[in-house]
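> have a look; sequence and predicted model below, questions after that.
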Amino acid sequence: MRYPLEGRKTVERLTKGSGILAGVAGLAKALSKRSLVPAAVPMAVGWGLLAIGKTLGDAYVEIEDGQLHVKLGVFFDETIDVTTIERVAGSTWSLLGGLGVRSNLKDMVAVTTKSGPVAEITFKEPQSLAVLPRIWRIEAKRLIVSPENLSDFIEELRAAAGQDEDDD
């Protein structure tokens, strides 16, 4: 079953809003200097953020055919075999940890679009997960995700991974 990442619309709006603000700032700067050259960078950043905001529509975790698929637009797209999962538990994510794809640079990757209750997935053996697509991967022992219907997601993933409820 597919579980959209909770809070993805808020992150989408923030990204698009930042893009619009950067574009407006670049245009204002260009008009004040009567030149388009100073506007090039802020406008490019603005268009880039607008484009990124549009890609967050694909933000979900999905459990299907013994696989866990986690996707956050163009930033994260990984498929993990559920047999590699040791434990699934509820946890909490702080806004100070940030939103999007985050890592402690050692053994944890978080794909979150909100703060508050999240699912923490612990693997039997570290899994190679992208922190920056095609650039940087880490051997993660833990993956944190923020799906809608958190309790249903945890229950379904536990069942798929063969974990008992009292393994918590």
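Perfect, I can see it now. Computed from a predicted structure; not experimentally measured.
> and stretch 115-126, what's its mean pLDDT?
Averaging pLDDT along stretch 115-126 yields 96.
> any residues touching it, and which ones?
The contact list for stretch 115-126, computed with Cβ atoms under 8 Å, 6 or more residues apart in numbering, reads 68, 80, 84-95, 97, 99, 107, 110, 112, 139-147, 150, 153-154, 157. Every residue, glycine included, has its C-beta placed from N, CA and C.
> repeat that for stretch 94-111.
The contact list for stretch 94-111 (Cβ under 8 Å, 6+ apart) reads 5, 7, 11, 61, 70, 72, 75-76, 93, 112-115, 118, 126, 129-132, 138-146.
> show me where this protein has its strands.
Along the chain, counting by DSSP state E, strands occupy 2-4, 59-64, 67-72, 76-81, 85-93, 100-103, 108-112, 116-132, 136-145.
> for stretch 129-143, which outside residues touch it?
Applying Cβ under 8 Å, 6+ apart, the set of residues contacting stretch 129-143 is 70, 74-78, 80, 101, 103, 105-111, 120-123, 126-128.
> and the buried ones among these, selectable in ChimeraX?
Buried subset of the contacts of stretch 129-143, written as a ChimeraX selection, criterion 16 or more other Cβ atoms under 10 Å:
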select :70,75,76,78,80,101,103,108,109,110,111,120,121,123,127
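> before we move on, back to that, mark which of the contacts of stretch 115-126 are buried, thanks.
68, 80, 85, 88, 93, 99, 110, 112, 140-147, 150, 153-154, 157.
> now Leu105. Its backbone dihedrals?
The phi/psi pair for Leu105 (degrees, to the nearest 10) reads phi 70, psi 10.
> how close does it get to Phe76?
16 Å (Cβ to Cβ, to the nearest Å).
> ditto for Leu129
Taking Cβ to Cβ, one finds Leu129 at 8 Å from Phe76.
> likewise for Ser115?
Taken as Cβ to Cβ, the span from Ser115 to Phe76 is 18 Å.
> quick revisit: the strands of the chain: which one's closest to Asp164?
Of all those, the one in closest proximity to Asp164, counting by Cβ to Cβ, is strand 85-93 (10.5 Å).
> report all helices and strands that that closest one contacts.
Applying 3 or more Cβ pairs under 8 Å, 6 or more residues apart in numbering; DSSP states H and E, we find strand 85-93 packed against strand 116-132, helix 150-161.
> what is the residue nearest to Ile144 when sequence neighbours are not counted paired to in the beta sheet?
Using Cβ to Cβ, 6 or more residues apart in numbering and skipping the chain neighbours, the partner closest in space to Ile144 is Ala110 (3.9 Å). Beta bridges link Ala110 to Arg102, Ile144, judged by DSSP bridges.
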